[in-house]
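Participant: Take a look and give me a structure for this.
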Amino acid sequence: MEEAHTLDENTPTRLAKKMVRYFETAGCEGSEYKEALPSFVRFAHRENLTVKALLCLREREEVFREAYGECEEILKDRITEGALCKRFDSSFSKFLLAARYGYSDREEDGGADAFSLSVTVKEPKE
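Facilitator: Okay, the predicted model is just below:
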């Protein structure tokens, strides 16, 4: 599928700013964006782009990569807050966070943060 919109040289910075604003304000009082949760799909379609075009921009443009990461953090925060305030189903929110971002409430053996302690006692030689 071809991009629905031709990208000019100024687009990555402009698009990055627009995307962060969208993720920060979607669903908030007074926002022009009425959906409760922001979405990369809906943002791409608003800009006459495909999600694949956003992902390509993320790969090749540092400014867009940073903005995309910020939007991911905003989305995680919005999902978490929605679950805590009971606006979203907590089980489904947990599923989304686990599936998309790797969140888990289980301890994994041997993970990077695993703690182990070994004590070796040696008798002095006489």
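Participant: Span of stretch 51-68 from start to end?
Facilitator: With C-alpha to C-alpha, to the nearest Å as the measure, stretch 51-68 spans 12 Å from end to end.
Participant: Please identify the helix or strand for L75.
Facilitator: Taking DSSP states H and E as the criterion, L75 maps to helix 62-84.
Participant: Give me the next element, helix or strand, following that helix.
Facilitator: helix 90-101.
Participant: Contacts for that next one, please.
Facilitator: E72, K76, I79, T80, G82, A83, Y103, S104 (C-beta atoms under 8 Å, 6 or more residues apart in numbering). All C-beta spots, glycine's among them, are computed from the backbone N, C-alpha and C.
Participant: My guess is P12 contacts R58. True?
Facilitator: No - when contacts are counted by C-beta atoms under 8 Å, P12 is not listed as touching R58 (9.6 Å).
Participant: which residues touch the residue sitting nearest the centre point of the chain?
Facilitator: Nearest to the mean C-alpha position of the chain, counting by C-alpha atoms, centre = their mean, stands E72 at 2.0 Å. Neighbour list for E72: Y101 [criterion: C-beta under 8 Å, 6+ apart].
Participant: how close does it sit to E123?
Facilitator: According to C-beta to C-beta, to the nearest Å, E72 and E123 sit 56 Å apart.
Participant: likewise I79?
Facilitator: For I79 relative to E123 (C-beta to C-beta), the value is 57 Å.
Participant: Quick check, pLDDT for the residue nearest to Y68 when sequence neighbours are not counted.
Facilitator: Distance criterion C-beta to C-beta, 6 or more residues apart in numbering; nearest residue to Y68, sequence neighbours excluded, is R58 at 4.6 Å. Per-residue confidence at R58 stands at 96 (pLDDT).
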